[in-house]
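# Okay, predicted coordinates and the sequence, questions at the end:
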Amino acid sequence: MTTITHPVARFAAVRHRRATTVILVALFWVAGAVLAATARTELDARAPVAGAVLALAGIAAAAWAYTRLCAWSAGFPHALDAGIAWLLLAIITEVVVTRHLGHGWYALLGTPERPLLRNVFLFVWIFAPAAFARRQENV
């Protein structure tokens, strides 16, 4: 069979193997986490609101890129699973970094002193990929 009789499918429209999906979810989470942590650590001392807004925008940008570049036709359930994985990765990262540093590190989820903002971060980590996903899966 040739590409003349079968058009080449875009990478985002192809159903990936499980290992590929896990790697892509992790890579895009790393991108979102780096953007969020950089915004929080660089801007929180000067402008806490700006740091939080930029961190949330970084998470949303990573979610948009993941759903558009890698999981365009995956659907809402897949995106919600990816968001849950992203939240678990953020929690694990904060626990590991806190243990390594010997003091609290709250760049990915927010500090316990600001519970409303922390809840917003928890919500965004889970639902950002789902916000950009298709409502139904293309089979």
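The structure has been received and is ready for your questions.
# List the contacts of the residue lying closest to T38 once chain neighbours are set aside.
Distance criterion C-beta to C-beta, 6 or more residues apart in numbering; nearest residue to T38, sequence neighbours excluded, is G58 at 7.7 Å. C-beta coordinates here come from the backbone N, C-alpha and C atoms, glycine included. Residues touching G58, when contacts are defined by C-beta atoms under 8 Å, 6 or more residues apart in numbering, comprise G32, V34, L35, A36, T38, A39.
# Isn't the last one up against A55?
Yes: with contact defined as C-beta atoms under 8 Å, A39 counts as touching A55 (4.2 Å).
# Show me which of the two is the more surrounded one.
Ranked by neighbour count (other C-beta atoms under 10 Å), A39 and A55 place A55 first, with 27 against 21.
# R40 is in contact with that one, correct?
Yes: with contact taken as C-beta under 8 Å, A55 and R40 are classed as touching, separated by 5.1 Å.
# check which helix or strand covers the spatially most central residue of the chain.
For the chain, the residue sitting closest to the mean C-alpha position, by C-alpha atoms, centre = their mean, is W29 at 4.3 Å. When secondary structure is defined by DSSP states H and E, W29 falls within helix 18-43.
# buried ones in that helix?
For helix 18-43, the buried set under the neighbour-count rule, 16 or more other C-beta atoms under 10 Å, comprises 21, 24-25, 28-29, 31-33, 35-37, 39-40, 43.
# Now find how far off-centre the helix or strand just after it is within its chain.
Counting by DSSP H and E, the next helix or strand C-terminal to helix 18-43 is helix 48-69. From the chain centre to the centre of helix 48-69 is a distance of 8 Å (C-alpha atoms, centre = their mean, to the nearest Å).
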